[in-house]
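Participant: Got a predicted structure plus its sequence, pasted below:
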Amino acid sequence: MDRDRLGWLGWTATGVGVITLVLVVVNIVLATGNGALQREVNARQQQINEGIRVNNASNQMVQLLAAVAARTNDAEIRALLERHGMVLAPNPQGAQPPQAAPAPAEEAKP
């Protein structure tokens, strides 16, 4: 009887060992796949962050152009800004340069 118990115990231990080995392999495969997905997400996030930085720089450049156009009454810069949807208020003499305001967008109809 002791040999039967030892045989049963041996097969049980072998089965647990095989299941453990399979789970380790599955864990490795999932970790590898997760790493690839994480790299893809990080690359996309980097593109988003770069786009935000470029957008901020563009906004600052437009504001500077608007300030120069208002200060110097430069018709060419005003025309350039207006072609791209920026509307500048007229600048009375001695007044502070206005901030460039985006042209009003058409409202979406529900």
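Facilitator: Structure received. Residues are numbered from 1 along each chain as shown.

Participant: What's the mean pLDDT across stretch 57-71?
Facilitator: The average pLDDT for stretch 57-71 rounds to 89.

Participant: So which bits of it are buried?
Facilitator: The neighbour-count check on stretch 57-71 (16 or more other CB atoms under 10 Å) flags 62, 65-67, 69-70 as buried. From N, CA and C alone the C-beta is placed, and that goes for glycine too.

Participant: Looking at these, which are in helices?
Facilitator: Of the positions in the buried residues of stretch 57-71, 62, 65-67, 69-70 sit in helices, assigned by DSSP state H.

Participant: for the helix or strand hosting Asn59, packing partners?
Facilitator: In the assignment (DSSP states H and E), Asn59 maps to helix 2-72. Counting contacts by 3 or more CB pairs under 8 Å, 6 or more residues apart in numbering; DSSP states H and E, helix 2-72 is packed against helix 75-83.

Participant: State the mean pLDDT of the helix it packs on.
Facilitator: 87.

Participant: For that helix, which helices and strands make contact with it?
Facilitator: Applying 3+ CB pairs under 8 Å, 6+ apart, we find helix 75-83 packed against helix 2-72.
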